[in-house]
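Participant: With the sequence up front, the predicted model follows.
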Amino acid sequence: MPGDKSISHRALILGLIATGETRISNLLEGEDVLRTADAARALGAAVSRDDDGTWRVTGAGIGGLRQPDAALDFGNAGTGSRLMMGVAGSHPIETTFDGDASLRTRPMRRILDPLVRMGTSVVAEAPGGRVPLTLRGPRETIPVTYETPAASAQIKSAVLLAGLNSPGTTTVIERQATRDHTERMLRHFGAAVTVAADGETGRRISLRGQPELRGCEVAVPADPSSAAFAIVAALIVPGSEVVIERVMTNPLRTGLIITLLEMGASIEFANRRDVGGEEIADLHVAASRLRGVDVPAGRAPAMIDEYPVLAVAAAFAEGRTTMRGLEELRVKESDRLAAVAAGLEANGVVTEIGGDDLVVHGEGRPPRGGGLVTTHMDHRIAMAFLVMGLATREPVTVDDGAMIATSFPGFVPLMRGLGAAIGP
Ligand code: S3P
């Protein structure tokens, strides 16, 4: 499995704002991450790749960013663009952010609002707070205490990264805990970050500003969000047995596995260990009879990117699966709630959308398939429905596979290696 996308973006970004050299092994070389590498270069880092695949970043240091000569093009990448808004928008330089047709539809107000409170000026923006947009940061950011309006690691991370260039302490409060890779990696680079529980499900994260970040080694673990496709493929294709090595098992990323276990999946964790501050394990997955379950809204942050492929698993299960509280799914690379329901319906699966909940009616046998799925420039919609086609009665067709390269460039060859027939 390729390296984790979230950790890959963060390793390059922290490499940019650290001093000295950061060496990254198993970086995800997907298009989204390569855009972040280009942006880091444009902001003053030296970024190179050795022949053995190790990436080296020599940082510009906090306060040392240089003004890019041209707009930063983040392609399809919400994470890269939003985290970099926190970094560049907290420096006294003017930076323009842009992206592809999908990124140009995605909400950026959620990042601009806290940045403005921290002293950033929004020099220009497309209507509705979208890219292309231009930021100018202050000399030093104002320390704030900010409660995120949505359960979003991207908002949290942008605020914390902007807080690095502040003389005081920046605090982010989240009502539901979201993936904590930024906090973990900031510590790994030498920042003082404290995390406390806030209520039953929330967290309060504080960062002391203007730390000395030192370049270091980052070993990127395998991406659980990419592993998800092989896991579900193994579960739904009769007779399958697959081992997936070095998968990150950070509890804020394992919502899919927990849900699949509740559905009756055979998934075993072997060889659990710790690598660079993250837990990893080898996963043993075998084809299983699945049953429908109720997935609580509180689990959404821990499996946010996995709902499309969970919905595919649910289509093979016996009975109804209800996934609750999916409002954030509407603002991903596409409106994933609508795209998943439409894709399942096109392949003979009965679905219902009620408010922000999705219900999938499984019949405990392979659905008909044979449909054409519109992917709306969304890599995870494309991969989820190709996986579905491995076990439906008729093959499934997706309208576009090009976006798969944003997160999982080796998806087709890897799945073919497992026996999948995927072709034009
Ligand atoms: C990510 C956070 C999630 C996730 C995205 C990656 C990150 O987005 O969907 O693919 O690396 O922080 P939100 O935190 O906005 O939900």
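Facilitator: Great, that's in hand.
Participant: The ligand contacts on the stretch 101-250 of the chain?
Facilitator: 152-154, 157, 178-179 (Cβ under 6 Å from any ligand atom). For every residue, glycine as well, the C-beta is placed using N, CA and C.
Participant: Pipe the residues you listed into CSV and attach pLDDT and distance to residue 107 per row.
Facilitator: Below are those laid out as CSV (pLDDT from 0 to 100; distance: Cβ to Cβ, whole Å):
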residue, pLDDT, distance to residue 107
152, 98, 10
153, 98, 15
154, 98, 11
157, 99, 16
178, 98, 16
179, 98, 19
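Participant: Now rank the residues you listed by neighbours and give me the top one.
Facilitator: When neighbours are counted by other Cβ atoms under 10 Å, residue 157 leads those with 30 neighbours.
Participant: and it, what is it in contact with?
Facilitator: 10, 82-83, 86, 182 (Cβ atoms under 8 Å, 6 or more residues apart in numbering).
Participant: between these, which is nearest residue 352?
Facilitator: residue 82 (31.8 Å; Cβ to Cβ).
Participant: next one: phi and psi at that closest one?
Facilitator: phi -70, psi -40 (degrees, to the nearest 10).
Participant: okay, it: pLDDT?
Facilitator: pLDDT, residue 82: 98.
Participant: Not counting its neighbours along the chain, what's nearest it?
Facilitator: Once flanking residues are discounted, residue 82 sits nearest to residue 154: 4.4 Å by Cβ to Cβ, 6 or more residues apart in numbering.
Participant: Quick check: residues of the stretch 301-424 of the chain near the ligand?
Facilitator: 304-305, 328.
Participant: What ranges does the protein have for its helices?
Facilitator: Here the chain has its helices, by DSSP state H, at 5-17, 31-42, 78-88, 109-117, 153-163, 181-188, 224-236, 255-262, 307-316, 336-346, 379-389, 411-417.
Participant: Using TSV, lay out the residues of the stretch 301-424 of the chain next to the ligand together with neighbour count and pLDDT.
Facilitator: Output for these, formatted as TSV (neighbours: other Cβ atoms under 10 Å; pLDDT from 0 to 100):
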residue	neighbour count	pLDDT
304	22	97
305	24	98
328	18	97
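Participant: quick one: which of the residues you listed is nearest residue 41?
Facilitator: Distances from residue 41 to those, taken as Cβ to Cβ, are shortest for residue 305 (27.0 Å).
Participant: what sits against that closest one?
Facilitator: 225, 228, 332, 380.
Participant: same deal with residue 250?
Facilitator: Taking Cβ under 8 Å, 6+ apart as the test, what residue 250 contacts is 179-181, 224, 278-279.
Participant: Could you say which of those residues is surrounded by the most neighbours?
Facilitator: residue 224 leads the contacts of residue 250 on contacts (other Cβ under 10 Å) with 27 neighbours.
Participant: Nearest residue to that one in space, please, no chain neighbours.
Facilitator: residue 253 is the one closest to residue 224 (Cβ to Cβ, 6+ apart), at 4.9 Å.
Participant: ok, now which ones touch that neighbour?
Facilitator: 179, 224-225, 302-303.
Participant: next one: residue 145
Facilitator: By Cβ under 8 Å, 6+ apart, residue 145 lies in contact with 170-173.
Participant: Pop the domain breakdown of this protein in here.
Facilitator: Domain ranges of the chain: 5-140+157-167, 224-417, per automatic domain parsing.
Participant: In CSV: those domains, plus distance to residue 202.
Facilitator: As requested, the domains of the chain are arranged in CSV below (distance: least, Cβ to Cβ, whole Å):
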stretch, distance to residue 202
domain 5-140+157-167, 15
domain 224-417, 11
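Participant: just to revisit the earlier point, for residue 30, state which of the contacts of residue 250 is nearest.
Facilitator: residue 224 (15.0 Å).
Participant: remind me which residues of the stretch 151-300 of the chain are low pLDDT?
Facilitator: Residue ranges of the stretch 151-300 of the chain with pLDDT under 70: none are present.
Participant: contacting residues for the residue of the stretch 1-150 of the chain found nearest the ligand?
Facilitator: The nearest approach of the stretch 1-150 of the chain to the ligand comes at residue 6, 3.2 Å away (Cβ to the nearest ligand atom). Going by Cβ under 8 Å, 6+ apart, residue 6 touches 79, 153, 179, 181, 223.
Participant: And the furthest pair within these?
Facilitator: Greatest spacing in the contacts of residue 6, by Cβ to Cβ: 153 and 223 (14.6 Å).
Participant: about what we covered before: now render the contacts of residue 6 as TSV, adding distance to residue 401.
Facilitator: Formatted as TSV, the contacts of residue 6 follow (distance: Cβ to Cβ, whole Å):
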residue	distance to residue 401
79	21
153	27
179	27
181	28
223	18
